[in-house]
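Visitor: Structure for this input, please:
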Amino acid sequence: MNNISCKNIYKSFQHDNEDMPVLDNINLSITKGDKIAITGASGAGKSTLLQLLAGLDKPSQGNVFIDDIDLQAISSIEQSKVRLNSFGFVYQFHHLLEDLNVFENVLIPQQLKYANNSHESVIKVTDILDQLGLSSRSKHLPWKLSGGEKQRVAIARAIINNPHFLFLDEPTGNLDDENSALVQNLILQIADEHKIALILSTHDTNFANKMNTIYKINNRNIKEV
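Guide: Numbering: from 1, shown residues only. Have a look, this model is predicted:
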């Protein structure tokens, strides 16, 4: 998978039987290795656009393509396979499973992909935790971790299957300045090393400025700034 694009996307939600438009006539193309930031006011539609690009939600009108595959034209099972094999996700809140330790949380995508705990998967998780400075925390449950450590675990889980695209929805919005800078630099380093495209939704101007391209959503439209 080398390209994500959306064509003439329109998205609205129903509220009290009224059509509430969020995005209108959105056209965007993202290639493997790109780094883009999507900015805009709260409620502008940044997270909605990320969900549409990742196939987690359906547009009211228009199409989202992964290479030449129309996401709306394939089954939900096939969409899940695309996400498992080609996408990674990091959100503002880490969404770790509280009854699993760090190692087990990071291993989940490998288990979903290969349906077992292979020796290769164990080695891969061990290597990623070492790379992210989490080896000493591998047996810890999430409640024993700091906020920055939890987000690094979430990053490890997001990249364990070697995604082509990493979706980042306010990934540093819940961190202090020191941990925010650490996580930002870590994400950029990983993206450069593995040629992963970054698709970032953020209010953080400093983080947005580290991307190659910045878009802003305003009045339901998107434009490069």
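Visitor: In which helix or strand does the residue nearest the centre of the chain reside?
Guide: When CA atoms, centre = their mean is applied to the chain, the residue found nearest the centroid is residue 167 (2.0 Å). For residue 167, the element it lies in under DSSP states H and E is strand 165-169.
Visitor: partners of that strand, with directions?
Guide: Take DSSP bridges as the rule and strand 165-169 pairs in its sheet with strand 87-91 (parallel), strand 197-201 (parallel).
Visitor: Figure out which of those is closest to residue 34.
Guide: Across the strands paired with strand 165-169, residue 34 has its closest neighbour in strand 197-201 (4.6 Å, CB to CB). The C-beta positions use only the backbone N, C-alpha and C, and glycine is treated the same way.
Visitor: on that earlier part again, for the strand holding residue 167, buried residues please.
Guide: Across strand 165-169, burial judged by 16 or more other CB atoms under 10 Å covers 165, 166, 167, 168, 169.
Visitor: if we can go back for a sec, for the residue nearest to the centre of the chain, list each beta-bridge partner.
Guide: residue 89, residue 199.
Visitor: Make JSON lines from the strands paired with strand 165-169 and add mean neighbour count and mean pLDDT to it.
Guide: Below are the strands paired with strand 165-169 laid out as JSON lines (neighbours: other CB atoms under 10 Å; pLDDT from 0 to 100):
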{"stretch": "strand 87-91", "mean neighbour count": "22", "mean pLDDT": "89"}
{"stretch": "strand 197-201", "mean neighbour count": "25", "mean pLDDT": "94"}
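Visitor: need those in TSV with distance to residue 14, can you?
Guide: Output for those, formatted as TSV (distance: least, CB to CB, whole Å):
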stretch	distance to residue 14
strand 87-91	25
strand 197-201	23
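Visitor: Any idea which of these gets closest to residue 18?
Guide: Closest approach to residue 18 among these (CB to CB): strand 197-201, 25.8 Å.
Visitor: which residues touch that closest one?
Guide: Contacts with strand 197-201, where a contact means CB atoms under 8 Å, 6 or more residues apart in numbering, come from 4, 30-39, 46-47, 49-50, 53, 164-171, 187-188, 191, 207-208, 211.
Visitor: rerun that using 6 Å as the cut-off
Guide: By CB atoms under 6 Å, 6 or more residues apart in numbering, the residues outside strand 197-201 that reach it are 30, 32-38, 46-47, 50, 165-169, 191.
Visitor: Show the buried residues in those.
Guide: Among those, the ones that count as buried by 16+ other CB under 10 Å are 30, 33-38, 46-47, 50, 165-169, 191.
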